[in-house]
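Visitor: below are the sequence and a predicted model; questions follow.
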Amino acid sequence: MAEIALITENILESATVTVTGTADTGFGQARLYDRAISLFWQKSGTGAVTFHADAGAAVSVDFLAIYRHNFSGQNLAWQYSDDDTNWTDAVSPWTQSDGSQIVKTLDASESHRYWRVT
């Protein structure tokens with residue numbers, strides 16, 4: 001049976017977001033969190049990219065969803081930190097096999113200030 005998720009909060013909307021890596025022209029950082037399903041952030045080339053969110057204070061997170069991307073064949077990790085130095089994997093790192101949506105769910109919510117996908 002399919003699961004339906006209602007996404008009511010996107011921590012990227014209220015966090016300080018930095019992206020290390022290069023976006024294709026016309027696919028700027030704001031596309032990460034503008035809620036326009038037809039628009040998305042897209043990297044240029046094959047270099048590594050890190051999406052870093054500083055929420056300012058600990059926020060509770062229970063899943064990661066990336067609906068449009070060009071990460072096929074890329075090794076990815078979703079991580080959190082309380083000090084922006086020591087990082088812990090939220091889930092086991094993975095290699096994205098295709099361009100389908102990415103959804104990673106935690107067994108229980110985690111509350112941390114810093115979150116990143118790299």
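Guide: It's in.

Visitor: list the contacts of residue 94.
Guide: By CB atoms under 8 Å, 6 or more residues apart in numbering, the residues touching residue 94 are 75, 76, 77. No exception for glycine: its C-beta is placed from N, CA and C like everyone else's.

Visitor: and which of these is nearest to residue 59?
Guide: Closest approach between the contacts of residue 94 and residue 59, by CB to CB: residue 77, at 19.0 Å.

Visitor: which non-adjacent residue is nearest that closest one?
Guide: Nearest residue to residue 77 in three dimensions, chain neighbours excluded: residue 93, at 4.1 Å (CB to CB, 6 or more residues apart in numbering).

Visitor: what sits against the one you found?
Guide: The contact partners of residue 93, by CB under 8 Å, 6+ apart, come to 75, 76, 77.

Visitor: burial count for the residue nearest to residue 48 when sequence neighbours are not counted?
Guide: Distances taken as CB to CB, 6+ apart put residue 21 closest to residue 48, at 6.5 Å, once the chain neighbours are dropped. Residue 21 has 14 neighbours, counted by other CB atoms under 10 Å.
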